[in-house]
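A.B. asks: kindly generate the corresponding structure for this input.
(one chain, ligands or ions: 1)
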Amino acid sequence: MSALDASKLEITKTTTPKEPLANDKLVFGQSFTDHILEIDWTKEEGWGTPKITPYHNFQMDPATCVLHYSFELFEGMKAYRDSQGKIRTFRPDKNMERMNRTAKRASLPTFDGEEFIKLLDKFLALEERFVPQGKGYSLYLRPTLIGTSIGLGVSSPTKAKLYCIASPVGPYFGAGFKPVSLEATDYAVRAWPKGVGAYKLGANYVSCIEPQSEAAKRGHSQNLWLFGEEGEITEVGAMNVFFAFENDDKTKELVTAPLDGMILPGVTRDSAIQLARARLDSKEWSVSERKLTIHEVKERAAKGQLIEAFGTGTAAIVAPINNIEFRGENIEVPCTAGGSGEIAKNICEWIQDIQYGVEEFENWSRVAN
Ligand code: COI
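C.D. replies: Modelled structure (predicted):
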């Protein structure tokens, strides 16, 4: 059984290179680089030769298991260009950890994350000219793992494909880097205790699209997922979510839902928590991972104690929230620092400064080449 081995990489370059698009023409996930990175796996042989080849379609038997039982999981990562032109990734080990955890839960093969990161470095060296310049712009990487064995029996795949494609991106939301409006959804749930909400399975996203489209009809960018009778806040469509409150004694609390298996353990979420704990004045601020409900948000907004709210995610970075519609009523969220709350603005800057290599923090930024 072979382990994943980056040193075996074979590269076939495209003979028809594309011209990268200008930043103002970038639409999230709509244009791709020249190549694809692929590694096939079989139960008998383990991981095969990693290959980078020109971007191409897959050919599949209609009975391939990914098409029937959703044997699919993915990661969202980004590559950033720093001021010296070097290409960097952000905490790639965290993505590999989560991808392997998800693979295990999905009965798909696990792999050595560090070897895959080395392959990404080589992929990025080849696709370097597609990494845009400028804060907020990056090359979105989509590592994906699918089951490729053929047959309709419901069992663990005996063949799989690990691959990565890349898309140059700017803002995730169509409206640009602007505050977003949410609709709180309680007629459907995204995840439940002991379910798979904490795994990055493509199947977790399928059931979210219809409520999101309904929310969009009423002018909202995303929906806020609630759970249970008490309206527990879990996460937003493609982001984790944070709320900042002022207490009666004027101390402040930054709150996000706990890692209880019902939310995705976001890399940007974890980074925001760590940076807030390290940099907000601890005499004034506490940072909590705790259960909170939509009713608490509503009540505290009514008392003027809701200071701000924002979402975090690899794709969305830090997205300020200016409104939450819940059962037909709007909870207005202050955005006092020019289209963002103060905390969201600071956390966004802190994270981006690390991502773009302006400053070092805990070895979070990896120079790919
Ligand atoms: C990401 O932030 O990378 C995500 O996975 C969200 C995505 C589904 C667009």
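A.B. asks: all contacts plus neighbour counts: C-alpha atoms, from now on.
C.D. replies: Will do.
A.B. asks: so who does the residue nearest in space to the middle of the chain touch?
C.D. replies: Note on the chain: the residue nearest the mean C-alpha position is residue 314, at 4.0 Å, using CA atoms, centre = their mean. Counting by CA atoms under 8 Å, 6 or more residues apart in numbering, residue 314 makes contact with 76-78, 266-268.
A.B. asks: what about the residue in the stretch 1-150 of the chain that the ligand sits nearest to, how many neighbours?
C.D. replies: Nearest to the ligand in the stretch 1-150 of the chain, going by CA to the nearest ligand atom, is residue 76, at a distance of 3.4 Å. Residue 76 has 18 neighbouring residues, counting by other CA atoms under 10 Å.
A.B. asks: near residue 11, how many residues? Count them for me, please.
C.D. replies: For residue 11, the count of nearby residues is 16 (other CA under 10 Å).
A.B. asks: and the pLDDT at it?
C.D. replies: You'll see residue 11 listed with a pLDDT of 98.
A.B. asks: who's the closest residue to it other than its chain neighbours bridged to?
C.D. replies: Among residues not flanking residue 11 along the chain, residue 52 sits closest, at 4.7 Å (CA to CA, 6 or more residues apart in numbering). Per DSSP bridges, the residues bridged to residue 52 are residue 11, residue 37.
A.B. asks: how about low-confidence regions in this structure?
C.D. replies: Along the chain, no part satisfies pLDDT under 70.
A.B. asks: give me every residue in it lying close to the ligand.
C.D. replies: Residues of the chain lying close to the ligand by CA under 6 Å from any ligand atom are 76-77, 238, 313-316.
A.B. asks: on that earlier part again, does the residue of the stretch 1-150 of the chain closest to the ligand touch residue 139 like I think?
C.D. replies: No: at 10.6 Å, residue 76 does not count as touching residue 139 under the criterion of CA atoms under 8 Å.
A.B. asks: what's the local residue count around the residue nearest to residue 11?
C.D. replies: Using other CA under 10 Å as the criterion, residue 52 is surrounded by 23 other residues.
A.B. asks: contact partners for it?
C.D. replies: Counting by CA under 8 Å, 6+ apart, residue 52 makes contact with 9-13, 35-38, 123.
A.B. asks: among the residues you listed, name the buried ones.
C.D. replies: Buried subset of these (neighbour count, 16 or more other CA atoms under 10 Å): 9, 11, 35-38, 123.
A.B. asks: doesn't residue 180 make contact with residue 221?
C.D. replies: Yes: assessed by CA under 8 Å, residue 221 is found in contact with residue 180 at 6.0 Å.
A.B. asks: doesn't residue 270 fall inside a helix?
C.D. replies: Yes: judged by DSSP: H, G, I helix; E, B strand; the rest coil, residue 270 forms part of a helix.
A.B. asks: ok, it - how many residues close by?
C.D. replies: Using other CA under 10 Å, residue 270 has 14 other residues around it.
A.B. asks: also residue 22?
C.D. replies: 11.
A.B. asks: which ones among the residues of the chain next to the ligand map onto strands?
C.D. replies: Taking DSSP state E as the definition of strands, the residues of the chain next to the ligand contribute 77, 313.
A.B. asks: would you point out the most distant pair within the residues of the chain next to the ligand?
C.D. replies: Farthest-apart pair in the residues of the chain next to the ligand is 77 and 238; separation 13.4 Å (CA to CA).
A.B. asks: of the residues of the chain next to the ligand, just the buried ones, PyMOL syntax please.
C.D. replies: Those of these that count as buried under 16+ other CA under 10 Å are selected in PyMOL with:
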select buried, resi 76+77+238+313+314+315+316
